[in-house]
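>>> Got a sequence here, can you build the structure:
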Amino acid sequence: MAWFTHSSRFTVALALTLGLVANVPAGVQAQLGGSPLSRDIPTEWEFTPPDSQGPAIPGNREGGGTRGPCIANPKPGQVPIALVPESGVGKTIAEYPTLSWYLPKNTAWGVELTVRNGKGKEIYSTKYAFAHYTGQDSQGDDKQYVVGAPGIMSLTLPNLESSVLPPETDQTYKWTLRLICNTQEPSGDVYVDGAFERVEPDPNLVRRIQQATPEQRVAIYASERLWYETLNTLVELRRDRPNDQGLKAAWSQLLRSVELEQIVEEPVAQGGRTNPN
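Next up, the predicted model:
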């Protein structure tokens with residue numbers, strides 16, 4: 001299990017890490033094409049923010065503008081990516097949403113996550129260092145690479161009495177992830193953005209979710225266009241059953257539905273995640 005060292009007053013450990021499926025071989029695609037779960041994933045995710053919030057919060061979901069000196073292979077699909085729809089905004093019914101991003105192989109010190117409301121006011125921020133291992137770069141030199149990368153990492157917003165969480169319903173919140181390459185030189189840091197709107201679930205929907213299996217929940221969340229729940233439930237299933245072909249097909253469809261199929265599948269270690277305290 002890969003753990004990360006926390007550097008703020010909150011105990012944050014994370015590293016939900018798994019192999020990603022972006023390019024399924026043609027022979028396997030034929031076998032997986034009829035996967036019921038993959039058929040339940042929408043082909044696109046549309047989001048219209050509440051009128052009170054104005055236009056959708058703009059975001060840069062891919063860290064492609066400034067690749068940073070700590071990215072090992074700055075190529076398409078090998079940059080930090082916020083896992084959000086094309087609009088940058090996804091819906092959630094969670095009081096404390098789980099935010100996820102793809103992190104390529106890198107040598108960064110750590111990350112900083114900041115969440116702001118529609119008026120730009122900060123409601124949560126945390127910074128923490130990564131755990132590292134020693135590996136060799138393409139030149140044969142030793143480097144301190146981040147444990148669990150490449151892979152998906154997640155952080156669940158904490159339930160803290162001292163904070164202004166949970167987010168209000170029917171409001172749009174922007175989150176920014178800063179990959180800190182060098183604590184002494186911030187100009188090389190890489191930024192990605194995403195956003196979420198928390199919506200109030202219908203009581204009937206809650207009952208359906210409670211009675212459903214994890215696979216059925218993915219389908220329910222997807223039908224309701226609840227992006228964060230769809231993503232996180234499928235990520236958990238892929239972590240627990242990495243060789244399940246139906247889940248691979250559903251994951252591939254989810255990436256295609258938001259035009260993130262460029263994420264490269266690479267062998268990575270299994271990981272775990274805990275929530276901030």
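
>>> Please determine how far residue 127 is located from residue 72.
22 Å (C-beta to C-beta, to the nearest Å). Yep, even glycine has a C-beta here, placed from its N, CA and C like the rest.

>>> how close does residue 70 sit to residue 139?
Taking C-beta to C-beta, one finds residue 70 at 16 Å from residue 139.

>>> Could you pull up the residues touching the closest residue to residue 214 other than its chain neighbours?
Computed as C-beta to C-beta, 6 or more residues apart in numbering, the closest residue to residue 214 that is not its neighbour in sequence is residue 237, at 5.6 Å. Residues in contact with residue 237 (C-beta atoms under 8 Å, 6 or more residues apart in numbering) are 214-215, 218, 244, 247.

>>> just the helices in the stretch 101-250 of the chain please.
With helices called from DSSP state H, counting those that start in this stretch, the stretch 101-250 of the chain shows them at 203-211, 214-223, 227-240, 245-257.

>>> ok, which stretches of the stretch 1-150 of the chain are strands?
Along the stretch 1-150 of the chain, the stretches classed as strands by DSSP state E, counting those that start in this stretch are 81-82, 89-92, 98-103, 110-116, 122-129, 132-136, 142-146.

>>> Of all the helices of the stretch 101-250 of the chain, which one comes closest to residue 263?
Among these, the nearest to residue 263 by C-beta to C-beta is helix 245-257 (6.0 Å).

>>> which intervals of this structure have sub-threshold pLDDT?
1-35, 47-59, 64-68, 73-77, 162-163, 264-277 (pLDDT under 70).

>>> Now do stretch 180-198: distance from first to last residue.
28 Å (C-alpha to C-alpha, to the nearest Å).

>>> Turn the strands of the stretch 1-150 of the chain into TSV, including mean neighbour count.
Shown next, in TSV, are the strands of the stretch 1-150 of the chain (neighbours: other C-beta atoms under 10 Å):
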stretch	mean neighbour count
strand 81-82	23
strand 89-92	24
strand 98-103	24
strand 110-116	20
strand 122-129	18
strand 132-136	12
strand 142-146	18
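
>>> Looking at these, which is nearest to residue 166?
strand 122-129 (9.7 Å).

>>> Which other helices and strands does that closest one contact?
Helices and strands touching strand 122-129, by 3 or more C-beta pairs under 8 Å, 6 or more residues apart in numbering; DSSP states H and E, are strand 110-116.

>>> which residues sit against the strand it packs on?
Applying C-beta under 8 Å, 6+ apart, the contact partners of strand 110-116 are 4, 7, 99, 122-130, 155, 157, 167, 173-180.

>>> same check, this time on stretch 199-210
Residues outside stretch 199-210 that contact it (C-beta under 8 Å, 6+ apart): 91-93, 169-170, 217, 220-221, 224, 226.

>>> buried residues in that stretch?
Using 16 or more other C-beta atoms under 10 Å as the test for burial, stretch 199-210 gives 199, 201, 205, 209.

>>> Kindly report the same for stretch 228-246.
Neighbour counts over stretch 228-246 (16+ other C-beta under 10 Å) mark 228-239, 244, 246 as buried.

>>> now swap in stretch 217-229 and tell me
Residues of stretch 217-229 classed as buried by neighbour count (16+ other C-beta under 10 Å): 217-222, 224-229.

>>> so can I have TSV of these showing distance to residue 118?
Shown next, in TSV, are the buried residues of stretch 217-229 (distance: C-beta to C-beta, whole Å):
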residue	distance to residue 118
217	29
218	29
219	31
220	28
221	24
222	26
224	22
225	20
226	20
227	18
228	17
229	21
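
>>> right, and out of these, which lies closest to residue 44?
For those, the nearest to residue 44 is residue 225 (9.9 Å; C-beta to C-beta).

>>> Let me see the contact set for the closest one.
Contact analysis of residue 225 by C-beta under 8 Å, 6+ apart lists 42, 45-47, 91.
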